[in-house]
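> kindly generate the corresponding structure for this input.
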Amino acid sequence: MKFASRRAVFSATVLFAIGFATPLHAYAPLGHEIVGAIADERLANTPTAVKIRSLLDGILLEKAAVIPDEIKGWDKKGVDDPKSFRYSTHPKIDEQLRDFWRANQPTHDMTSTMPSHHWFHYTDVPVAPAQKYAAGTAGRSKWDIVHMIPYCVGVLQGRVPEQNERKITKPVAVILLAHYVGDIHQPLHVGAVYFDTQGRVADPDKDKSALADEGGNTFTLALRDEPPRRRGIHKTKFHGFWDYDAVNALFPEVSNTLNRSELQAQIEPLKRQLVHEMAAHEPQNWRLPLNIDIQNYAAAWADEILPIAREAHERLQFTNVHPEEEEDRVVAAGEAKEKPEPDHIAYRAWAVNIVREELHKAGWRLADLLEKIL
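Numbers count the residues shown, from 1 in each chain. Purely as a prediction, here's the structure:
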C-alpha cells in the first residue's frame with residue numbers, strides 16, 4: 001500500500017521509461033494503483049477528468065499514483081546521470097519531476113534547509129499515549145504528509161505559485177496528491193511507537209532521546225499463520241507487511257510463486273474487478289464533516305487513521321528492541337510478534353480488512369479532492 005527514504009515501496013516497473021530495470025518486489029505499486037484507478041473511474045467523463053488528462057499529458061491517475069515512489073530510483077546517482085531513467089514519452093512531465101527531485105534531494109539531516117522528498121510521504125505521530133495530529137510536536141514536521149497535501153492543493157488552487165521553492169508545478173501536484181492520499185491511509189505512514197534506550201515504550205514528548213520505530217521498517221514481523229520461510233527468504237518487515245502482504249492478500253487466489261509476467265497477467269483482471277466494485281459502491285464514513293476546510297482534510301484523515309495505527313502496534317509484542325545505526329542515524333530496531341487477541345481475529349485477517357477499507361476510502365477521497373480543487 002506503499003502505501004519513505006525508509007517508507008518507500010520501490011516500484012516494480014518504471015512507467016514510460018526506457019533502458020531502466022528495477023528489482024522485482026511482487027506487485028508493490030498495487031495499493032497505489034488501486035487508489036488511482038478508483039479515482040479514474042469515479043471521475044470518468046467529467047470536466048475534472050479532462051483537466052487532469054491535460055495536466056498529466058494523458059497519464060492516468062492509476063499510473064501517476066506510483067510515480068512519487070518510482071523517482072526514488074534517481075536517489076543513488078541523481079537525475080543528471082546519463083543512465084538515469086526518463087519518462088521519455090512525456091518530456092515535459094519528466095523535466096518537471098527532475099526539477100522537483102533536484103529541489104528536494106534525499107537527506108537524513110532533519111535540520112537541512114532543503115527537505116528530502118522522502119519526508120513528504122509520512123508523519124510519525126506517537127500512538128502511545130494516544131493523541132491527535134495537532135495535539136503535539138513529536139514526529140511532525142512542516143514537510144510531513146499532513147503539510148504536503150494542503151501544499152499541493154494550494155498549488156492547484158493558485159494560492160501557492162508554481163514557481164515555488166519545492167518546484168511543485170500543477171502537474172507534479174496532481175501526481176503527488178494521487179500518491180499521498182494513498183500514503184496517508186496506510187497506518188504506518190501516520191503513527192509510530194517510540195522506545196527508550198532500554199527498549200520500553202516511551203513518550204517522546206517526555207523522553208527526548210526516545211527512538212521511533214520509523215514505520216516498522218527496522219522491525220521484523222512474525223505472524224502465527226506465517227508459512228515456513230524457504231531458504232534464502234528474509235523475514236517479513238513490519239512495514240513491508242502493510243505495504244505488500246496485506247494488499248496482495250486481497251487476491252488470495254494468486255500464487256506468490258509466479259514470475260513477474262505471470263503475476264501481472266493474473267492480477268490485472270482481478271484488480272480491474274476490485275476497482276470497479278469499489279468505484280461503484282460508496283464506502284462507509286468516507287465523507288468529512290462539511291465544516292472541515294479542504295486545507296484541513298489531511299489532518300482529519302491522519303486523526304482518523306491514528307487509532308488504527310495504534311491498534312496495529314498493540315496487537316503485537318515487541319522484543320529485542322535496541323538502538324541500531326542505519327546509514328547516518330540511530331533508529332529503534334527489533335522483532336514484532338503477533339499476540340493472541342480476545343477477539344480471536346488473526347493479525348493478517350484484521351490487517352487485510354483494514355487495507356481494503358482504507359484503499360476504498362482513499363480512492364473516493366482522491367476523486368472528491370481533485371474535483372473540488374479543479
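> so, low pLDDT: which residues of the stretch 151-300 of the chain?
Applying pLDDT under 70 to the stretch 151-300 of the chain flags residues 228-233, 256.
> now do the helices in it.
Under the criterion DSSP state H, counting those that start in this stretch, helices of the stretch 151-300 of the chain are mapped to 170-183, 238-240, 246-248, 260-280, 297-314.
> Throw those helices into JSON lines and include distance to Pro150 and mean neighbour count, thanks.
Every C-beta, even on glycine, is put in place using the N, C-alpha and C of the backbone. Shown next, in JSON lines, are the helices of the stretch 151-300 of the chain (distance: least, C-beta to C-beta, whole Å; neighbours: other C-beta atoms under 10 Å):
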{"stretch": "helix 170-183", "distance to Pro150": "10", "mean neighbour count": "27"}
{"stretch": "helix 238-240", "distance to Pro150": "25", "mean neighbour count": "24"}
{"stretch": "helix 246-248", "distance to Pro150": "26", "mean neighbour count": "25"}
{"stretch": "helix 260-280", "distance to Pro150": "25", "mean neighbour count": "15"}
{"stretch": "helix 297-314", "distance to Pro150": "6", "mean neighbour count": "20"}
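> out of these, which comes closest to Asp203?
Among these, the nearest to Asp203 by C-beta to C-beta is helix 297-314 (13.5 Å).
> ok and the closest one relative to helix 170-183, angle-wise?
Calculated by axes from the mean of the first three to the mean of the last three C-alpha atoms, to 10 degrees, helix 297-314 forms an angle of 30 degrees with helix 170-183.
> just checking, what packs against helix 297-314?
strand 125-126, helix 145-157, strand 191-192, helix 347-373 (3 or more C-beta pairs under 8 Å, 6 or more residues apart in numbering; DSSP states H and E).
> ok, which of the ones you listed comes nearest Leu55?
Closest among those, using C-beta to C-beta: helix 145-157, at 8.7 Å.
> report the angle between the closest one and helix 170-183.
150 degrees.
> how about the strands in the protein?
Secondary structure of the chain (DSSP state E): strands at 125-126, 191-192, 194-195, 201-202, 211-212, 219-222, 316-326, 329-338.
> can you list the strands that the fifth one pairs with?
Yep, that's strand 211-212 we're talking about. According to DSSP bridges, strand 211-212 forms sheet pairs with strand 194-195 (antiparallel).
> any chance you could list what contacts the strand it pairs with?
126, 128, 138-139, 201-204, 207, 210-213, 318, 321, 332, 334 (C-beta atoms under 8 Å, 6 or more residues apart in numbering).
> and those residues, which are buried?
Buried by 16 or more other C-beta atoms under 10 Å: 126, 128, 138-139, 201-202, 204, 210-213, 318, 321, 332, 334, out of the contacts of strand 194-195.
> which one of the residues you listed is nearest Leu274?
Asp213 (30.3 Å).
> give the contact list for that closest one.
By C-beta under 8 Å, 6+ apart, the neighbours of Asp213 are Ala192, Val193, Tyr194, Phe195, Phe219, Phe238, His313, Phe318, Ala332.
> then Asp94?
Counting by C-beta under 8 Å, 6+ apart, Asp94 touches Arg86, Tyr87, Ser88.
> for the stretch 1-150 of the chain, which spans come out with low pLDDT?
The stretch 1-150 of the chain contains residues with pLDDT under 70 at 1-28.
> how about Val146: what's its closest non-neighbour residue?
The spatial neighbour of Val146 that comes closest, neighbours along the chain excluded (C-beta to C-beta, 6 or more residues apart in numbering), is Ala298 at 4.6 Å.
> how close does that neighbour sit to Leu288?
Distance from Ala298 to Leu288, counting by C-beta to C-beta, to the nearest Å: 11 Å.
> please apply the same query to Lys63.
Counting by C-beta to C-beta, the gap from Lys63 to Leu288 is 27 Å.
> of these two, who's got more company?
Taking other C-beta atoms under 10 Å, Lys63 and Leu288 do not tie; Lys63 has more neighbours (21 against 16).
> thanks again, I'm all set now.
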